[in-house]
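[1] Fold the stuff below for me.
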Amino acid sequence: MRLLIIFFLIFSSCKFFDKKKLDPETIFQEEIQVIDWKSLDQYPSFDICSETLNFNENRQCFEKVITDHIFDFFNKNQNLITTSSSDTLLLNMLVSSSGVISISKINSNQFSQSEKDKIITNLTQSFNNLSTLYPAVKRGQHVQVSFQFPIILNTTK
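    Below you'll find the model as predicted:
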């Protein structure tokens, strides 16, 4: 009997039966450290890109649709560029978490700011003519992503 009482006192006095509560903030901080913010689970994709494509094929399809569209845009809107030049434009493109494409900035030494602004406005509007764009996915959530596309222009006026 004495042994049973001692055994009971030992286990009831320690914190063996206490449940440890996990702080949500601690869990959140641990998860944030694990996430690779530089990669996507799924690239943005257009209707014309089959959903059965793997990650790399989906990326290639997205890039092809965008580059073909930009090429067609500059062929149809040659009047936006008023000077002769050979230059590489760096288009900073943003795809929102709702699938809307916009140009945030153009880096170029050859073009004036007004020319850059016209290109940004008209090119952003032209993206509305593309088929439905599904946003990028990271950990099951639609996310905003940015891309930088180099565009080589050779113009003569």
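
[2] check contacts around the most centrally placed residue in the chain.
    The structure's the chain has its C-alpha centroid closest to residue 145; by CA atoms, centre = their mean the separation is 1.8 Å. Residue 145 makes contact with 40, 44, 94, 95, 135, 136, according to CB atoms under 8 Å, 6 or more residues apart in numbering. C-betas here are computed from N, CA, C, even on glycine.

[3] What of residue 60?
    By CB under 8 Å, 6+ apart, residue 60 has no neighbours at all.

[4] Extract the CA atoms of the helix ranked longest in the chain and return them as CSV.
    Looking across the chain with DSSP state H, the single longest helix is helix 55-76. Provided in CSV are the C-alpha atoms of helix 55-76 (Å, rounded to 0.1, in the frame of the first residue of the first chain):
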residue,chain,number,x,y,z
PHE,A,55,5.9,22.3,-64.4
ASN,A,56,8.6,23.0,-67.0
GLU,A,57,6.2,22.5,-70.0
ASN,A,58,3.7,24.9,-68.3
ARG,A,59,6.5,27.5,-67.8
GLN,A,60,7.6,27.2,-71.4
CYS,A,61,4.0,27.5,-72.6
PHE,A,62,3.4,30.6,-70.5
GLU,A,63,6.7,32.2,-71.7
LYS,A,64,5.9,31.4,-75.3
VAL,A,65,2.4,32.9,-75.2
ILE,A,66,3.8,36.1,-73.5
THR,A,67,6.8,36.5,-75.9
ASP,A,68,4.6,35.8,-79.0
HIS,A,69,2.1,38.5,-77.8
ILE,A,70,4.9,41.0,-77.1
PHE,A,71,6.4,40.4,-80.5
ASP,A,72,3.0,40.8,-82.2
PHE,A,73,2.4,44.0,-80.1
PHE,A,74,5.6,45.7,-81.3
ASN,A,75,5.0,44.6,-84.9
LYS,A,76,1.5,46.1,-84.9
